[in-house]
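Chemist: for reference, the sequence and a predicted model appear below.
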Amino acid sequence: MGFSRDVVVIGGCGHVGLPLGLALADRGLSVALYDTNPDAVEIVAGGQMPFTEAGADAVLDRVLGQNLVATTDPAVVATAECLVVVVGTPIDEHLSPDPRVVSRAIEELSDHLVDGQLLVLRSTIFPGVTALVERVVAGLGRKIDVAFCPERIAEGRAMIELYHLPQIVSGRTDAATDRAEKLFRNLTGEIVRLLPEEAELAKLFTNTWRYIKFAIANQCYMVANDFGVDFERIRSALTHDYPRAADFPRAGFAAGPCLLKDTMQLAALSKNNFVLGHAAMVVNEGLPMYLTSRIEDQYDLSEMTVGILGMSFKAESDDTRSSLSYKLKKILEFKAKRVICTDPYVRNDLTLLPLEDVLAQADILVLGTPHPCYAGLGTALPIVDLWGLVSSSVQV
Ligand SMILES: NC(=O)c1ccc[n+]([C@@H]2O[C@H](COP(=O)([O-])OP(=O)(O)OC[C@H]3O[C@@H](n4cnc5c(N)ncnc54)[C@H](O)[C@@H]3O)[C@@H](O)[C@H]2O)c1
């Protein structure tokens, strides 16, 4: 059957769906962004980005109203040959994944699914979800090809990486894989084909690998710090012109909506017998408490106002999801006379103060996020900096 549009992105106004929709539209495809969040849809349909993503505003300007629309109307799903599902797949407060979140989203759209469509799953899914979706689609009596093509961009770099990273595509049949490959060849020349279960694990392994690497750095930071030496001096010396350690990360808060979440997805798949993953969680999630207790060894926090610099989960981002700066804030609020926070990027937290106010009112500063603008901060206040960004930081 003929379709009037090439692609509908389901979850199309989110952090992954929106850059993908923009990139496909910029390559000339006709794209609709379908999202259940009316606020995000209104912002995008009004020509604005709902979050910061480098390079995305210019593309949105170019394609909106030309070959890109944003809508909350599920009927749009029936108009496109390719559906790409990028809804969120969070873990719950007990660190458990919800393996049905993606299939539920698809079932809600069952009235709008059409024979002949290609359904691409792009959310980071619990292994086995592609097979579950295949069963759901078959149960609905639809002849739809299902593929899983994981997203591997880093937030903030999507508009570059979507065109440069190799794309893993997977399907149960050659037809599904071929169609997925054709879709992503609009973006990148390098396609890697896997089976769905392999691709599901490939994505989780990617994020878990990163999360464990950060934990190694953070554990070494604590070892060095407790030994009274500067971790970042050691790290930069040992990585200098030494390729085998080139990817030894800096210490820092390993946070955000993906790394812990996906490590816990793998833990759940391993029947919670995932020693390295859980150890990494203990190290990374324990860092705010470690820092606080080291600060307490030197300062009487009950008499002090603490200023936290940077609240987003990573540098030069406005995304506060699962940011460890907020965990640090919560711990410090229990210990200090007062805690005040600032961040030049974050827009969704009305309690934040301008940097000048924090510098004027705080007795001590803790670097929560290594925004480059903090590197040369002119202040006489002590700055606690586990990232190794601020040269004048104090060791705690
Ligand atoms: N954020 C990243 O850097 C990143 C990178 C790679 C992969 N991922 C994965 O991509 C997926 C999406 O992550 P995100 O950060 O974009 O999340 P997000 O919350 O920013 O975006 C998800 C969007 O889906 C919408 N949505 C939720 N349920 C829906 C439904 N039933 N129908 C239509 N829209 C719906 C939400 O309103 C939201 O706009 C997750 O599985 C995540 O693990 C994220």
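Modeler: Everything's here; your move.

Chemist: show me which residues of the stretch 51-200 of the chain are close to the ligand?
Modeler: The stretch 51-200 of the chain comes close to the ligand at residues Val86, Val87, Gly88, Thr89, Ala105, Glu108, Ser123, Thr124, Glu151, Ile153, Glu155, as judged by Cβ under 6 Å from any ligand atom. In this view, the C-beta of every residue, glycine as well, is placed from N, C-alpha and C.

Chemist: make it 8 Å
Modeler: 51, 74, 86-90, 101, 104-105, 108-109, 122-125, 150-155, 158 (Cβ under 8 Å from any ligand atom).

Chemist: and the residues you listed, which are buried?
Modeler: If you count burial by 16 or more other Cβ atoms under 10 Å, the buried members of these come out as 51, 86-89, 101, 105, 109, 122-125, 150-153, 155, 158.

Chemist: and the residue nearest to Tyr374 when sequence neighbours are not counted, bridged to which residues?
Modeler: Spatial nearest neighbour of Tyr374, chain neighbours left out: Leu309 (5.3 Å); criterion: Cβ to Cβ, 6 or more residues apart in numbering. Taking DSSP bridges as the rule, Leu309 bridges to Thr342, Leu367.

Chemist: what residues are up against Leu309?
Modeler: By Cβ atoms under 8 Å, 6 or more residues apart in numbering, the residues touching Leu309 are 342-343, 355, 358, 365-369, 371, 374, 377, 383.

Chemist: go with 6 Å
Modeler: By Cβ atoms under 6 Å, 6 or more residues apart in numbering, the contact list for Leu309 reads Leu365, Leu367, Tyr374.

Chemist: distance of the last one from Ser312?
Modeler: When distance is defined by Cβ to Cβ, to the nearest Å, Tyr374 is 12 Å away from Ser312.

Chemist: higher neighbour count, those two?
Modeler: For Tyr374 and Ser312, the more surrounded residue by other Cβ atoms under 10 Å is Ser312, and the numbers stand at 27 against 22.

Chemist: burial count for Asp92?
Modeler: Using other Cβ under 10 Å: Asp92 sits among 9 other residues.

Chemist: you'd agree Phe215 is in a helix?
Modeler: To be clear, residue 215 is Ala; Phe isn't right here. Yes: under DSSP: H, G, I helix; E, B strand; the rest coil, Ala215 falls within a helix.

Chemist: ok, it to Met304 distance?
Modeler: Applying Cβ to Cβ to Ala215 and Met304 gives a distance of 30 Å.

Chemist: go on, Val59?
Modeler: For Val59, the distance to Met304 - Cβ to Cβ - is 46 Å.

Chemist: neighbouring contacts of the helix or strand that contains Glu81?
Modeler: Assigned by DSSP states H and E, Glu81 falls within strand 80-85. With contacts defined as Cβ under 6 Å, 6+ apart, strand 80-85 is touched by 3, 5, 7-10, 117-122, 183.

Chemist: quick one: the helices in this protein?
Modeler: Assigned by DSSP state H, the helices in the chain fall at 17-26, 38-45, 56-63, 101-108, 129-139, 158-164, 174-184, 196-226, 231-239, 259-269, 275-298, 324-335, 355-361.

Chemist: dump these to CSV, plus mean pLDDT and distance to Ala78.
Modeler: Formatted as CSV, the helices of the chain follow (pLDDT from 0 to 100; distance: least, Cβ to Cβ, whole Å):
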stretch, mean pLDDT, distance to Ala78
helix 17-26, 98, 17
helix 38-45, 98, 18
helix 56-63, 98, 22
helix 101-108, 97, 14
helix 129-139, 98, 15
helix 158-164, 97, 26
helix 174-184, 98, 18
helix 196-226, 98, 25
helix 231-239, 96, 53
helix 259-269, 98, 31
helix 275-298, 97, 41
helix 324-335, 98, 41
helix 355-361, 97, 50
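
Chemist: so which bits of the stretch 201-350 of the chain are right by the ligand?
Modeler: Residues of the stretch 201-350 of the chain lying close to the ligand (Cβ under 8 Å from any ligand atom) are Lys203, Gly256, Pro257, Cys258, Lys261, Asp262, Asp319, Arg321.

Chemist: redo those residues as CSV? Include neighbour count and distance to Ala246.
Modeler: Output for those, formatted as CSV (neighbours: other Cβ atoms under 10 Å; distance: Cβ to Cβ, whole Å):
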residue, neighbour count, distance to Ala246
Lys203, 23, 24
Gly256, 22, 23
Pro257, 20, 27
Cys258, 24, 23
Lys261, 21, 27
Asp262, 25, 24
Asp319, 21, 27
Arg321, 17, 29
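
Chemist: farthest pair within these?
Modeler: Among those, the pair separated by the greatest distance (Cβ to Cβ) is Lys203 and Asp319, at 19.4 Å.

Chemist: circling back: check the helices of the chain for me and report the most buried one.
Modeler: Greatest average neighbour count among the helices of the chain goes to helix 17-26 (a mean of 26), per mean count of other Cβ atoms under 10 Å.
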